[in-house]
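>>> A structural model of the following input is requested.
(one chain, ligands or ions: 1)
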Amino acid sequence: MIDRRGFLRNTALGFGTAFLARSSSFAADSGSTIEVLLNEPLGTISPNIYGHFLEHFGTTIYDGVWVGEDSTIPNVGGIRKQLIDRLREIKSPVIRWPGGGFADSYDWKDGIGPRASRPRRTNSYLSNDAHAPAGPQRDDPNRFGTNEFMRFCQLTGSQPYLTANVRNLPAQDFCRWVEYCNSPAGTSLAEARKAGGATEPFGVRYWGIGNEQWGYLTAEEYAGEFRRFTSGVPRYGLDLQFIASGPVTDGWMPEGEWTRQMREWIHKLLEWHPFFSFPYGISLHYYAYNLSRRITNDLTGYREAMGDALKFEVVDWYEMLRQSDQVESMINTYWRTMGEQDPDHKVRIIVDEWGVWYRPGTGLGPLNVQGQAVTLRDALASALNLDTFNRHCDKVAMANCSFLINAFGSPFYAQGENFVTTPVYHVFQMYAAHQGGQSLRTIFDVPPLQYLRDGKRASFWGLNGSASLRDHELTLTVVNPHASEANPASVVIHGGNVKSGTVTTLAHKDIHATNTFVNPQEVHPTTADVKGSGSKLNHTFPPASASLLKLSLT
Ligand code: AHR
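Residues are numbered from 1 along each chain as shown. The predicted structure follows:
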């Protein structure tokens, strides 16, 4: 059933780049149609949709980002240089730190002052995890603190997004962290910042008020914490944006119960307006992980429900993409529910953790906690997430790919001298063209693909993606999820003509393909020119691919 026309895959890939070069033309029609409506803009795609998430556990910070100034690994002030260079290439606009769950046990004061005299602390976030061996996740050396993170952001051209510890630090500590970061010279904390090498304020605008607070607070309790933490915070002339922790999102409970809890959470959070200002956004976390195809109603079985990052069947390929795609219905449900309290939609959605999550075992060794191989499947999952955020740019103000480095779904992996960009990196590189563009309504009239799930027929869309326009440059990104069939499609541009263009394709003959330190270029994109001109373009999207069409319009 899955491989009904499987031979096409070999035909398409056998031609390699030559095939790709010939696969776009202004010739006869084909079965699938993609209509781009230039006169129907959906809103501006915030560059912040292309953000990342950095949290301390395993080797994400130590070894991943921070190698230390005395390291033989090329670094800028202790920060891994290759990571800086590559993050600049993908124009990472914003980085969230220090967590995640870690943020709710982190004391920012441990991470300031002379590095050598900073305290070593237990990383209480993962120290009780049976899968976490001894190492930096149990023994946080605090070498990478606020100044180092800010330096990292400055070097990569990203904005910082800091998450406050709501669980076990008082609101006053949060105010002081804001002061440390943003106060001009004159206060004791500004002097402390200066002693750490930063005379100028960091100008941090994005502040998360806790992480996943639904884990231990009721809706009413969290709403109170949010108001307490955000009232009376010094602004220093900045337009501070407070991001509220969102309601439970992972579908760990029956559908009706989840909706009820979400409604209550949002209701409590927004009900006291106008006495308190609305949050800038409400956080939504979504990981695709449940490959066992059974719903886990609690956290006890969630590891068993996860699939393997590398060893998977074709059905798991489709299931992972299908589960990733559910982020769209979550965004829509969130938005509707938020609208009940906030009909003008002043509050936006911040998807500050999204990605894939597999069972442990495919990472870089025991210290690389939550390290997992990143394959072509994860690249397509990332591509369809980014396409979703583009299409919903009126709702989603920021999104942060989980994780930045050395954990599941990361665009980068590093270990000592070794560094590699994963297939996910290539998606960010390709999709960066959307940043700041006007998202356009785009209709995918494409037959769905069919596959077998547990002996029953299942289906998934045949092609999907997003389009945006900046000046006269049209960017169209398209995912073909079919594991083995190419999809020939007509791209019709309503309201414009193509003058010239290029097609960049990320594909591989093996859906399990990954980049490793030994073979870092196994999965990489190829680019070819679009031939001809006009308002209709025929293009064959290779199997298991993400494509970027950059078209100059007249
Ligand atoms: O391990 C990643 C964790 O997943 C984050 O800390 C938390 O926010 C999420 O539940």
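>>> domains of this structure?
4-40+440-553, 46-435 (automatic domain parsing).
>>> what's the burial count for Tyr358?
Tyr358 has 30 neighbouring residues, counting by other C-beta atoms under 10 Å. Glycine gets a C-beta too; all of them are placed from N, C-alpha and C.
>>> Might you enumerate the residues of the protein proximal to the ligand?
Residues of the chain lying near the ligand by C-beta under 6 Å from any ligand atom: 55, 99-101, 211-212, 285, 353, 370.
>>> ranking the domains of the chain by burial, who's on top?
domain 46-435 (a mean of 20; mean count of other C-beta atoms under 10 Å).
>>> Quick one: end-to-end distance for it.
Start-to-end span of domain 46-435 (C-alpha to C-alpha, to the nearest Å) is 6 Å.
>>> Report the mean confidence score over it.
Domain 46-435 carries an average pLDDT of 92.
>>> One more: stretch 509-527?
98.
>>> Then stretch 448-466?
95.
>>> Please, which helix or strand holds the closest residue to Thr230 other than its chain neighbours?
Leaving out its chain neighbours, the residue that sits closest to Thr230 by C-beta to C-beta, 6 or more residues apart in numbering is Phe242, at 4.7 Å. Taking DSSP states H and E as the definition, Phe242 sits inside strand 241-244.
>>> What lies in contact with the helix or strand following that strand?
For strand 241-244, the succeeding helix or strand toward the C-terminus, using DSSP H and E, is helix 255-270. Residues from elsewhere that reach helix 255-270, judged by C-beta atoms under 8 Å, 6 or more residues apart in numbering: 214, 219-220, 222-223, 226, 244, 246-249, 251-253, 278-279, 282, 333-334, 337-338, 340-342, 347.
>>> Toward the C-terminus, what is the element adjacent to helix 255-270?
Moving toward the C-terminus from helix 255-270, the next helix or strand (DSSP H and E) is strand 281-288.
>>> Direction included, what does that following strand pair against?
Strand partners for strand 281-288, identified by DSSP bridges, are recorded as strand 241-244 (parallel), strand 348-356 (parallel).
>>> could these go into a markdown table alongside distance to Glu522?
A markdown table is the format used below for the strands paired with strand 281-288 (distance: least, C-beta to C-beta, whole Å):
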| stretch | distance to Glu522 |
| --- | --- |
| strand 241-244 | 37 |
| strand 348-356 | 19 |
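>>> what's the offset of the strand holding Phe242 from the middle of its chain?
Relative to its chain's centre, strand 241-244 lies at 18 Å (C-alpha atoms, centre = their mean, to the nearest Å).
>>> Stretch 51-58 now?
Here stretch 51-58 is found 11 Å from its chain centre; the criterion is C-alpha atoms, centre = their mean.
>>> And the helices in the stretch 401-550 of the chain, which stretches?
Taking DSSP state H, counting those that start in this stretch, the helices of the stretch 401-550 of the chain run over residues 423-431.
>>> Which strand residues bridge Val491?
Ile34, Leu537.
>>> and which of the residues of the chain next to the ligand is nearest to Arg88?
In terms of C-beta to C-beta, no member of these lies closer to Arg88 than Glu55, at 21.5 Å.
>>> Name the helix or strand for Leu310, please.
Using DSSP H and E, no helix or strand contains Leu310.
>>> so how far is the ligand from it?
Here Leu310 is placed at a distance of 20 Å from the ligand (C-beta to the nearest ligand atom, to the nearest Å).
>>> What sits closest to whichever residue of the stretch 451-554 of the chain sits closest to the ligand if chain neighbours are left out?
At 20.9 Å from the ligand, Thr514 is the closest residue in the stretch 451-554 of the chain, using C-beta to the nearest ligand atom. Counting by C-beta to C-beta, 6+ apart, Thr375 is the residue found nearest to Thr514 once chain neighbours are left out, at 4.6 Å.
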